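Q: Provided below for reference: sequence and predicted model.
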Amino acid sequence: MDNIVIIAIILTMVVVLLMSGLYIHSVLFAAGIIGLIMLEGFNYLPGLLGNESFRRVASYTLTTIPLFVLMAQFILQAGIVRDVFYLVNKAARGRNSVLGILTLSIGGVLGAVSGSGTATSASLGQVAIPELRKHGYSGRLAGAIAASGGSLSGIIPPSIILILYGVATETPVGALFIGAIIPGIIVLLVFITVMLVFYQVEKKRSSQAELPDEEGQLEVHGNQQVNLLRLFVVSFAATMIMLVIFGGIYSGLFTPTEAGGVGAFVAFLAAVCLGKVNFQFLQQSLVETIKLTGMVMLIMIGAQIFGRFVSLSLLPRKLIDLLEPIMEQPAIVLILISLFLFVLFMFIEGAAVILMTIPVLLPIMNALQVDLLWFGVFVGIICTIGLITPPVGLSVYAVSGVSKIRSEAIFKVCMIFALSALAIVCGLMILFPEIATFLPSSMD
Amino acid sequence: GDSGDGETIELRAATGLSSQHAWWDATMVPWMDRVEELTDGQVQFETFTGGELVDVPDEAEATLDGTIDVGLILPIYEPDQYPMAEVTMLPLAHSDTLIATRAWNRLLTESMELQDGESYSDMQFSEFKIFPTSTTQEYSISTTGHSFETVDDVEGTSLRTPSRIHELYSEKTGINSVTMPAVEMFDALSRGSFEGSYYSIADWSGYGFQDLFEYTLTGINFGHFNAFIGMSDDRFDELPENVQEAMEQAAEEVLIPGGEEWLDRAEEMIDYNEDEGGEFVEFDTLDQSVQDHFNEGIEETWLEYAELLEDQGLPGTDLIILWRDLIIEEGGDVPEALKDIE
Amino acid sequence: MVAIEKAYHIFEKIKLIGVWISGISLFGMMLFIVIDVVLRNLFNSSISGGFEMVQNYFMTLTVFPALAYVYSSGVLPKMDLLIERFQDQVKKLIIFFMIALEVFILAIMFYFSLDYAINGFERSMSFPAAGTLYPIYPFLFLIPLAFFLIVIENMFILIKNIMFKEPSFLFKGDSTQDSGE
Ligand code: NA
Ligand code: NA
């Protein structure tokens, strides 16, 4: 059978299976395995499937997923974030929009200590969504805020995607990190703006439906009686955790990956100091973390197998062959490539996309004489956005997994976040490449 | 692909390394191009790099189980399967990429008996059809500024050790070894988590180390990483004779130019690094006691590696003698004490 | 149904053992990394082969033993907007089809990862760390075991759907999600 026909059948299958409600990981497994069988027959399966699960999971870099989630669990179960949100909310004097900005910004700050957008989204989802909802955010907007805030970790350095890109293209990882700072901040600003618009629209809609009840919500919270001493202790603990992680990474005591383990341990110590640690505390934190880790890993294994099918089908190369006639127009090629990547990142886990497209894209970038550092940051941005787009948006699934909010509902909001960021940030980067190249070149 | 005479033969070639890596870019790609040329397009390669299809170090297995037809095999990464592959990583008094490449080529292709009538390739790679590639440039010690003025400066220094041989060597010389994935290294080194690494200068650009290292010890050699282009014997035997011959001819043609690529890359890296203020220190300008300390470590590492192999029932001593002789015959050198082993 | 429920009860116990193993190794992984960092900074020497042990031992032990539990916990995401709109009978038909598909791919994954584990066992597959070889092959068997347990889980879900009118994705518990409005 012709590759094109197989590709068409498999992509149709992906859409149909997703719509009929098969688990996401199963869709990827099924499409990948059936695609491979159609392409190669059964003979190649042992080599392609046998070691995939082990190779995916046995990765030092991926320890960030369970360990940053564990850190979040410890912080959450110790009640630290709830109290911090309460504090901020008090300081904001009931201006609830501040909470959304805070969550997105915390996502950006956490991004500076975490390399994985998925892990950060899950953590944010656990701690922020209940608070956001208490303060008048709809579930889907709260979920979208947590998912997109967390996805920022994908681009704000350290970033696993940029590391993979640097390795694949032999671009210095340090320069990529520095180059990603300004675009990362612009993405954050776009997310904040979109969030504020959404919040206002929702507020208007709900005030038409029912009487605004912000006072009441505050009272409910006020009844929980947070006393001053506890607030002091909690803020102190939160600050200490942040200081240890940032200080440790930037002074070289440990690497960003090790920060996952250290962060979890410091959060654990904080919980001990707050007198929260008992059997139930440990059990809840560990089991919740394991559930989320298992979910992410299953999807990553599935994405890898599906990625193998896509590689072998030569789909990326075929698409890129189509670009040949317009190579004279670099800007158009770049816009097309970014749309193409955007679509791939919609369907496939980010690392897999990087791995399968770089060998094909690199010659084109070289032919167009595009700066590889700039392109790396550019791909990183699109990949980050891909974390919050359906049907495969790991950040959204992570948030949905921890909050039990439907992923479709979150995706609906996230698509607006994603499209705005895609248009504004990628547009700016094509018009003004200095956004990415200025900082690294001024450091030389 | 189909292997009938006259028909196009499609071969699937893969590496887990990046497409920019010298072995792929300067050896395997020219080899494939040459094979296509020599067979007038009868053979076509479909290529996958960067772990797109096969990850490092699964190339050997993928080649043998038929997932791919041709792989860039890195046997040093699998000491459990190919314990004798690390022999080229043994530290030397003198050699360069081309010396080591010629020695590695001879070790793989000449039928010098090692044990029970079997050669090195028979013992380690009997299931493969081997097309030797160049070795890497020699490994050096590079640090983010730490220098070696006295023996005390050597002992207690923390260096990342990329292979089992470097672990042995570090242990012998009192160097603390740090194990860490290569991708984490830039970050950890730039923030001072430890002092440096064993690494080949030509390979620096892979992780951006040309911007990082400030002190590099040259003129002492911490071994050469090796590789070969491999096919499964069965797959190779199915190919028509003219294709087999084309592959062998092409491999001979690309071997030395492939090695020269490492030299060019090293030169480029050294120029760049010197412009950035990096320092390259010749081993024989170091204090004599420091030189002796490094050299003693070399000797002990060879013997320990031989012993480690002997413990597994492998001809460790014969192997290191063979490697020593090949290196010396090709123009390299080992510390004096090693010349006496028989 | 009582017999089935009893059987499932035993099955749940087995899954819980997995959760314990995963939980302990997760906590252990955290401590191991912290100790490694402390040793490197205070005594200038890290645990020999530390990162290799973390990725090969701790990660596999953290992820695979609990996978069957994770599967039945209702945390795995899916797009269920469409199926919720169907009649129960259509829903059931879809569920049967999906279980069949799921069992098919899980069986394939079970078979090939078992094949890989046996192969690794025969070659006594090990990973090099700090000058030593550490065996990895016993851990490879955790993977087919995890897939096998998920196949069993699917069998229970199948039985439940055959025996009860109400269609259901999980044997136990509630998989309904918040609409997010
Ligand atoms: Na980050
Ligand atoms: Na996506």
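A: Structure's in. What do you need? Numbering: from 1, shown residues only, chains lettered A, B, ... in the order given. Ligands and ions are numbered 1, 2, ... in the order given.

Q: show me what contacts A:Asn3?
A: A:39, A:313-315, A:318 (CB atoms under 8 Å, 6 or more residues apart in numbering or on different chains). Heads up, the C-betas are built off the backbone N, CA and C, glycines and all.

Q: Which single residue of the stretch 101-250 of chain A ends up nearest chain C?
A: A:Arg140 (3.5 Å; CB to the nearest CB).

Q: Repeat that for the stretch 101-250 of chain B.
A: Closest point on the stretch 101-250 of chain B to chain C, by CB to the nearest CB, is B:Glu167, at 3.5 Å.

Q: Count residues in the vicinity of that residue, would you?
A: For B:Glu167, the neighbour count with other CB atoms under 10 Å in any protein chain shown is 22.

Q: Next, work out how far apart it and B:Phe222 are.
A: Plainly put, B:Glu167 is 12 Å away from B:Phe222 if you go by CB to CB, to the nearest Å.

Q: For the residue positioned nearest the centre of chain C, give me the pLDDT.
A: With distances taken as CA atoms, centre = their mean, C:Leu67 lies nearest the centre of chain C, 1.4 Å away. We have a pLDDT of 96 for C:Leu67.

Q: what's the answer for B:Gly6, then?
A: At B:Gly6, pLDDT is 62.

Q: Which strand or helix spans A:Phe74?
A: helix A:64-77 (DSSP states H and E).

Q: So is that helix next to ligand 1?
A: No - under the criterion of CB under 5 Å from the ion, helix A:64-77 makes no contact with ligand 1; the nearest approach is 9.5 Å.

Q: wait, does that helix make contact with chain B?
A: No - using CB under 8 Å from any CB of the partner chain, helix A:64-77 never reaches chain B; the gap is at least 11.2 Å.

Q: quick one on the thing from earlier: can I get the contacts of A:Asn3 in CSV with secondary structure and distance to C:Tyr71?
A: What follows is the contacts of A:Asn3, written out as CSV (DSSP: H, G, I helix; E, B strand; the rest coil; distance: CB to CB, whole Å):
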residue, secondary structure, distance to C:Tyr71
A:Leu39, helix, 28
A:Ser313, helix, 29
A:Leu314, coil, 34
A:Leu315, helix, 30
A:Lys318, helix, 36
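
Q: Need the residues you listed in a markdown table (columns: distance to B:Thr301, pLDDT and neighbour count).
A: A markdown table is the format used below for those (distance: CB to CB, whole Å; pLDDT from 0 to 100; neighbours: other CB atoms under 10 Å in any protein chain shown):
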| residue | distance to B:Thr301 | pLDDT | neighbour count |
| --- | --- | --- | --- |
| A:Leu39 | 47 | 92 | 18 |
| A:Ser313 | 48 | 88 | 20 |
| A:Leu314 | 46 | 85 | 18 |
| A:Leu315 | 48 | 79 | 21 |
| A:Lys318 | 51 | 79 | 13 |
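
Q: Select, from those, the two members most distant in space.
A: Greatest spatial distance in the contacts of A:Asn3: A:Leu39 and A:Lys318, 13.5 Å, computed using CB to CB.

Q: Do a quick rundown of the helices in the stretch 1-150 of chain B.
A: Applying DSSP state H, counting those that start in this stretch to the stretch 1-150 of chain B gives helices spanning B:22, B:29-38, B:59-64, B:97-109, B:120-125.

Q: between the ones you listed, which one is nearest to ligand 2?
A: Nearest to ligand 2, of all the helices of the stretch 1-150 of chain B, is helix B:59-64, at 28.9 Å by CB to the ion.

Q: For the closest one, which helices and strands make contact with it?
A: strand B:70-73, strand B:128-132, strand B:228-232 (3 or more CB pairs under 8 Å, 6 or more residues apart in numbering or on different chains; DSSP states H and E).
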